[in-house]
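Q: let's see this in three dimensions:
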Amino acid sequence: MENPLHGLPQLFAQLGLPSDPRAIDEFIAAHRPLANGEPLYRAAFWSPAQREFLKQEIIEDADWAAVVEELNARLH
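A: Below is the predicted model:
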């Protein structure tokens, strides 16, 4: 298995959010748990641009997909 190209800090930076480990942990603590079965990209706290980015990365199984899935797991 290959190492992911991106980690959570890079994903948060890509989304325009603070990306240091403490800020990531605080974001996750403030927004979890998502409703069971709610897709990550549909969460109310994303901007339209963030929502579209997250959705496309999963649909296309693109470079960011693994770390988006990691975030999804941590928020659920």
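Q: low pLDDT regions in the protein?
A: Applying pLDDT under 70 to the chain flags residues 1-4.
Q: what about the helices in the protein?
A: Taking DSSP state H, the helices of the chain run over residues 8-14, 21-31, 48-59, 65-75.
Q: need these in CSV with mean neighbour count and distance to Leu40, can you?
A: Backbone N, C-alpha and C define where each C-beta goes, glycine included. Output for these, formatted as CSV (neighbours: other CB atoms under 10 Å; distance: least, CB to CB, whole Å):
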stretch, mean neighbour count, distance to Leu40
helix 8-14, 17, 11
helix 21-31, 13, 10
helix 48-59, 15, 6
helix 65-75, 17, 4
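Q: possible to save the ones you listed as JSON lines with distance to Gly37?
A: What follows is the helices of the chain, written out as JSON lines (distance: least, CB to CB, whole Å):
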{"stretch": "helix 8-14", "distance to Gly37": "22"}
{"stretch": "helix 21-31", "distance to Gly37": "16"}
{"stretch": "helix 48-59", "distance to Gly37": "15"}
{"stretch": "helix 65-75", "distance to Gly37": "12"}
